[in-house]
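*Asks:* Got a predicted structure here, sequence first:
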Amino acid sequence: MSRPAPRRALRAIPTPQEAQPLVGFCGHCGQRPADPSEVTKRVCDHCHMGLVLQASADLAPAPQDPFMVIDRSLSICALSREGERLLGVSETQAINRHVAEFLVPADAEARGQEDLVTVILTATGGDDGPRHVVVRPTGEFGVRLWVRVGHCGPPSAALLVMADGRV
């Protein structure tokens, strides 16, 4: 007598989202170029300190948003002016340091899709849309930051836009 074939687990396949247009923003002050054709410029005309990056319109930060840019090695490449204020560290002190020195998952037991490292690595690979995770500053307890994470560039990186309320 033969054994019945094992049943495969069914899982939902997410429906593809409509592609959002790319917008430019400064990697330091968050300002968007006034003229969309200025997106090809590499340095921000507003603060003259940050590189102009691109992200989808539903992910790109506003000038008042704290954010950081993370590369594939999970090192910080840029920290916005508001990000400096929120985390209490200057951009020059944060550059080339591992993201875990500043942010960790709010739930230490979290695994799977919502794991911070997994979400960042997926974003650096050019995923199709922002994901939301809850983090806390390293060494802080009782503080929660809601973060949108998605792809930005060039070069290819992850953009983390932080908020101290739900996003």
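*Replies:* Nice, thanks for sending it over. Numbering: from 1, shown residues only.
*Asks:* all contacts plus neighbour counts: C-alpha atoms, from now on.
*Replies:* OK.
*Asks:* After the longest helix belonging to the chain, which helix or strand is next? Please name it.
*Replies:* Of all the segments assigned as helix in the chain under DSSP state H, the longest by residue count is helix 116-124. Sequence order places strand 131-137 as the next helix or strand after helix 116-124, per DSSP states H and E.
*Asks:* Can you give the strand pairings for the strand or helix carrying Val161, parallel or anti for each?
*Replies:* In this assignment (DSSP H and E), Val161 forms part of strand 157-163. The pairing partners recorded for strand 157-163 under DSSP bridges are strand 67-70 (antiparallel), strand 145-153 (antiparallel).
*Asks:* how far out from the middle of the chain is that strand?
*Replies:* Here the centre of mass of C-alpha atoms in strand 157-163, compared against the chain's by C-alpha atoms, centre = their mean, to the nearest Å, lies 2 Å away.
*Asks:* and if you look at stretch 24-32?
*Replies:* 14 Å.
*Asks:* What backbone torsions are found at Leu87?
*Replies:* For Leu87, the backbone dihedrals (degrees, to the nearest 10) come out as phi -90, psi -10.
*Asks:* Could you identify which of the strands paired with strand 157-163 is most buried?
*Replies:* Mean neighbour counts were taken over these using mean count of other C-alpha atoms under 10 Å, and the top value, a mean of 28, falls to strand 67-70.
*Asks:* Following the chain onward from that strand, which element is next?
*Replies:* Counting by DSSP H and E, the element after strand 67-70 in chain order, helix or strand, is strand 76-79.
*Asks:* Give the buried residues for that following strand.
*Replies:* Buried residues in strand 76-79, counting neighbours by 16 or more other C-alpha atoms under 10 Å, are found at Ile76, Cys77, Ala78, Leu79.
*Asks:* How far does that strand sit from its chain's centre?
*Replies:* Relative to its chain's centre, strand 76-79 lies at 11 Å (C-alpha atoms, centre = their mean).
*Asks:* what's next to that strand, contact-wise?
*Replies:* Residues outside strand 76-79 that contact it (C-alpha atoms under 8 Å, 6 or more residues apart in numbering): 27-28, 66-71, 90-91, 94-99.
*Asks:* Would you show me how to pick out the buried ones of those residues in PyMOL?
*Replies:* Those of those that count as buried under 16+ other C-alpha under 10 Å are selected in PyMOL with:
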select buried, resi 27+28+66+67+68+69+70+71+91+94+95+96+97+98+99
